[in-house]
Every structure is written in structure tokens, then in C-alpha cells.
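Asks: Fold the following, please.
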Amino acid sequence: MPEWRETRCYKYLKKELKNSYRYYFEKGNNQYKKDYKTIFYAILDYKKSVKLALKDLKYYEQIYNECICDNPLFFYVKTVSFFIGSLGINIIIYYAYEWNEVEKIYTCIFSELKKIKKLCKDMSESEKLMSIHDYIVSSVVYEDNPNLPVHLADSFFVYKKAVCDGISKAAKILLDSVGVKSIVIWGDALTPNSMENSSLGHAWNIVWVAGISNHVDFTFDTNLSSEKRIIRYDYYQLTDEQIRHDHTYSDIGIVSNHNHDWFRENKIYFTKKEALKSYIREGIKTHKKDIGFRLPYTENSKYTLDSILNLVKNEIQLNSFGAFSYSVSVNETQMIVYIYL
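Replies: Numbering: from 1, shown residues only. The predicted structure follows:
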């Protein structure tokens, strides 16, 4: 469609896509990359169909799905159909929007990306990740709204409302824009603060900082932060072992075993009760509004947490004067406690 290719939006989109970290493309062989590019440019150019050589249909389905995963800026693709003919395979592409509608949405997205790039200018990768995490957590509302495209990235940018996969895709777009590698990963998860299994599955991100990969669940931190309007980091840069306490997913060949979670980095991971008592006392003395910390994993987490909650209660009674109210939020699977004063 020549009109689309001539727009400023098309040129800007093409430029932004060059910044995308394409995990699946990078690990493919030469033939995979060639077929991936054919599908990629068909979508970029808003073509309604693309012809490919006759091969296993599952092979092309895999490439299409991985291309969409690598490039969440292709939110305007609704679905595809595969038709097998004597001369090859024809992929019919169905779009959710006409290209002139897509142009309006991209105007909003590119405006947000411009702000993020300005915010993250001259920052380290670690600082960029923190800034984007805080931006997402403080601005998006988790909402499963059937009237909005909440499973896609554009819902985050246009409406500031999305569910887990929409948030994860938007996070990848934001991280790509400032040169931080990430992918979206799908699996299942337990809802924080409950032991009910999520029947609809879940999506989050693996992010690389200084060449080291860790898990970041922007959605869970968003929902936890909404309780008391503070930014939580329960699911910020977790290892495979940590994330698997309440997330499950298929191995895709990425190993994350460097422990850089926010609580350890900020020295509020406690293995000794006396150190924890001192931390709580200091928080009360300095009139902190919230006191958060992480504990070691134990075989009997409920017993450990009950013991710590009694410790919290005793320290508050001993170190406060007069009427004093507080509440506690416990993330049992991640062994994280927040005291709200």
C-alpha cells in the first residue's frame, strides 16, 4: 500500500523497529531468518498476503508467532490464516485497524517513547530499567476490559489500561526504545497474596542488564503497588529460582541465576532477627510510611512469616506511643512483608 509507505508514521515505525531486540530471530539459522524477514516485511508494509515456499505448516506458524513476540509494535495484526497450495503456502494477514487508524495510535505511542528516551538519556541500563519499571507501575491500571485491546501494547499507551500481556508487550517496546534487551515470556502464575492458581495464564518479561538476564513482572508489581500507592519491587530482577516460587513456564534456553533482586540490592533482605528488629525500629523512629523487607525461603514459610508478624507486632508496640494503627501486606510466595504505618 503506497500511501502507508509514504507516511511519516511508517518511516518512524521502521526506525523504531530497528531498535527492537529480536531474540527469536537472532537464534534462528539462515533459512529461518530469511523466512522471518519475509513475514516481517509483509506485516510492516501492511500487505494482505504473503507467499512462501512449500514447507511444514507448523514451521511457518512458529515463525509468525515468534515474529509477533519479537515485535509487539505489530499490534495492528489481528490474526493470520495459512493456506497450502501446490506451489507453496499463502499466509493471509487480517488487520485489526485500517492503516490510517494505526497512524493515529502510533502518534500516541511515539509521543510516549520520545518522553521515555528523554528521561533515560545518559542513564545506565540499570537506571533505565528502574525508570521504565516505575513509569509503568505508576501509570497503568490493570483492567480486563472487553471494550479495549487490553491484551495488546497499544491499550497501555492510548488508554493506560491493560492486562498482563498488554503490559509486558508495552514494557518491551519501552525497553527497546532505550536500548535495553528484553523479551515477553508466557506461562502460569499464582496471584500475589493468595494461593489461587491463575487459570488464564500469565505474561511477564526477561530483561538483560549489563549482559545478565533476570525476570521482571511489571504486572504483579503494578497490582501490589496499587494497594497503598507506593511502588513495589517484589518481582524486580528475579532469578529463575525466585520466579518459579509462583510462576511456571517452558524452558526457552535463557538462564537467569544472578541474584540482583531489589531487596538484596537495597540491603533489606534479612536473615537475622536482630537486624530486622533494628530496621523496624529505625523505620518507626524516622516516621516512615512503609517498611518493606524480604526474608529467606524456608520449608515452612507460613510458620516463618507468622513468627515475623509477631515480631513486627511486638516492635511496634514497644516503639510507638499512644494510639497507633498499621497494616501489613504479605507476599508469601516471595517471602516479602510490607508494613504500612
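
Asks: quick one, helices of the stretch 51-200 of the chain?
Replies: Secondary structure of the stretch 51-200 of the chain, counting by DSSP state H, counting those that start in this stretch: helices at 57-70, 99-119, 125-139, 153-159, 164-177.

Asks: Out of the ones you listed, which gets nearest to Ile280?
Replies: helix 125-139 (24.8 Å; Cβ to Cβ). Where C-beta positions appear, they are placed from N, C-alpha and C, glycine not excepted.

Asks: Show me which residues of that closest one are buried.
Replies: Within helix 125-139, the residues scored as buried using 16 or more other Cβ atoms under 10 Å are Glu125, Lys128, Leu129, Met130, Ser131, Ile132, His133, Tyr135, Ile136, Val137.

Asks: How about stretch 217-235?
Replies: Residues 217-225, 232-235 are the ones in stretch 217-235 that count as buried (16+ other Cβ under 10 Å).

Asks: Could you dump those residues into CSV with pLDDT, distance to Cys108 and secondary structure added?
Replies: Listed next are the buried residues of stretch 217-235 as CSV, based on pLDDT from 0 to 100; distance: Cβ to Cβ, whole Å; DSSP: H, G, I helix; E, B strand; the rest coil:
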residue, pLDDT, distance to Cys108, secondary structure
Asp217, 97, 25, coil
Phe218, 97, 19, helix
Thr219, 96, 21, helix
Phe220, 95, 26, helix
Asp221, 96, 24, helix
Thr222, 94, 20, helix
Asn223, 92, 24, helix
Leu224, 93, 27, helix
Ser225, 91, 24, helix
Arg232, 96, 27, coil
Tyr233, 97, 28, coil
Asp234, 97, 30, coil
Tyr235, 97, 27, coil
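
Asks: Just list the residues touching Ile291, thanks.
Replies: Tyr279, Ile280, Gly283, Ile284, Tyr338, Ile339, Leu341 (Cβ atoms under 8 Å, 6 or more residues apart in numbering).

Asks: Pick out the most distant pair among the residues you listed.
Replies: Using Cβ to Cβ, those reach their maximum pairwise distance at Ile284 and Tyr338, which is 14.3 Å.

Asks: Please give me every residue in contact with Glu61.
Replies: Glu61 is in contact with Phe82, counting by Cβ under 8 Å, 6+ apart.

Asks: How much space separates it from Gln237?
Replies: To Gln237, Glu61 is 33 Å away according to Cβ to Cβ, to the nearest Å.
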